[in-house]
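Student: the amino acid sequence is not available; the structure is as follows:
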């Protein structure tokens, strides 16, 4: 079993739409839904099949292709979306109903318009809070990655959710046993999946979307500590660094914004990573860092 992790802004956008379609079911996101509902309404009625597709009991697999890498941008996911929806995959995922005729007759053109709508939705309700979301999701990956080293993949799977388990050579989700075979099993942390888990199947890989650790405090509002208080706790440079890590940044960018050397930033980042307050990952030739959900909670004064 090839077990790995991925963070998908496309999945978060689709899952967020499902939350907005049934806000009472996801009370933990009430503060976010109050903010997001008027922003989604401002886009106007959905002229595509997107809303119909994402609110089906099972989201069509071709609409949410699983990333092949740990981190991917929404633009890349949307660009890839119409290409992976081969006619036989579309036909297999949808009932033979007139409303889906355009997807069956011309999947490329129809999915291109759906991808455009997804991009607009992402820009309205996900992009403004993405740095906060990504910190929680990447922090979950780091946390469970360490756990995988300590205890192994089957233990990590068992700890994801009460409805998940590993019965070699298959994964068990809500009582359903799915053979993994030669496919990758990709674990996709999500802020909007709770209280459920969601298994996505394709010929190449399986994806298990599960509630990310720390998602419950994402939208809580608290009085942030003063800069002096945070500086006394962490030291002035690390406190400033933690504030700057609101968005993914390279060591060079951080050094320029803080007015310190690259070496100093690297050392301070090492301390923040060791404390679980930041994570770093490679994107092409660059290494970018971002604060975790715990780091955000500390900045906002939510850690006692």
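Tutor: Looks like it came in fine. Quick caveat: nothing in here was measured; it's all calculated off a predicted structure.
Student: which residue comes closest to residue 161 once chain neighbours are left out?
Tutor: Counting by C-beta to C-beta, 6 or more residues apart in numbering, residue 161 lies nearest to residue 197, which is 4.7 Å off, once chain neighbours are set aside. Every residue, glycine included, has its C-beta placed from N, CA and C.
Student: got a list of what the one you found touches?
Tutor: Residue 197 is in contact with 160, 161, 163, 164, 173, 174, 208, 209, 210, 211, counting by C-beta atoms under 8 Å, 6 or more residues apart in numbering.
Student: ranking these by neighbours, who comes first?
Tutor: Neighbour counts for these, by other C-beta atoms under 10 Å, peak at residue 209, which reaches 27 neighbours.
Student: so that residue is in which element?
Tutor: In the assignment (DSSP states H and E), residue 209 maps to strand 205-211.
Student: chain center to that strand, what's the gap?
Tutor: Chain-centre distance of strand 205-211: 11 Å, with C-alpha atoms, centre = their mean, to the nearest Å.
Student: strands paired with it, and their directions?
Tutor: According to DSSP bridges, strand 205-211 has the following sheet partners: strand 184-190 (parallel), strand 198-201 (antiparallel).
Student: contacts for the last one?
Tutor: The contact list for strand 198-201, computed with C-beta under 8 Å, 6+ apart, reads 15, 59, 61, 64, 66, 171, 173, 176, 178, 190, 206-210.
Student: may I ask which of the residues you listed has the most neighbours?
Tutor: residue 209 leads those on contacts (other C-beta under 10 Å) with 27 neighbours.
Student: bridged to that one, which residues?
Tutor: Assigned bridge partners for residue 209, using DSSP bridges, are residue 188, residue 198.
Student: Three-state assignment for the residue nearest to residue 248 when sequence neighbours are not counted, please.
Tutor: Excluding the flanking residues, the one nearest residue 248 by C-beta to C-beta, 6+ apart is residue 288, at 4.2 Å. Secondary structure state of residue 288, per DSSP: H, G, I helix; E, B strand; the rest coil, is strand.
Student: close enough to count as contact, residue 288 and residue 280?
Tutor: Yes: Residue 288 lies in contact with residue 280 (C-beta atoms under 8 Å); the separation is 6.9 Å.
Student: where in this protein is pLDDT low?
Tutor: 1, 216-217, 220-227, 283-284, 302-304 (pLDDT under 70).
Student: for it, which segments count as helices?
Tutor: 9-21, 30-41, 50-54, 74-84, 87-93, 101-105, 107-121, 130-151, 153-160, 227-234, 236-244, 251-258, 262-274, 293-299 (DSSP state H).
Student: got the buried residues for the first one?
Tutor: Which is helix 9-21. Within helix 9-21, the residues scored as buried using 16 or more other C-beta atoms under 10 Å are 9, 10, 11, 12, 13, 14, 15, 16, 17, 18, 19, 20.
Student: ok, the fourth one touching residue 133?
Tutor: Which is residue 12. Yes: judged on C-beta under 8 Å, residue 12 makes contact with residue 133 at a distance of 6.3 Å.
Student: can you list residues touching both of these two?
Tutor: Joint contacts of residue 12 and residue 133 (C-beta under 8 Å, 6+ apart) are 126, 191.
Student: so what's the residue count around the residue nearest to residue 248?
Tutor: For residue 288, the neighbour count with other C-beta under 10 Å is 19.
Student: for residue 262, same thing?
Tutor: 13.
Student: try the one 10 residues further on
Tutor: A total of 22 residues lie near residue 272 under the criterion other C-beta under 10 Å.
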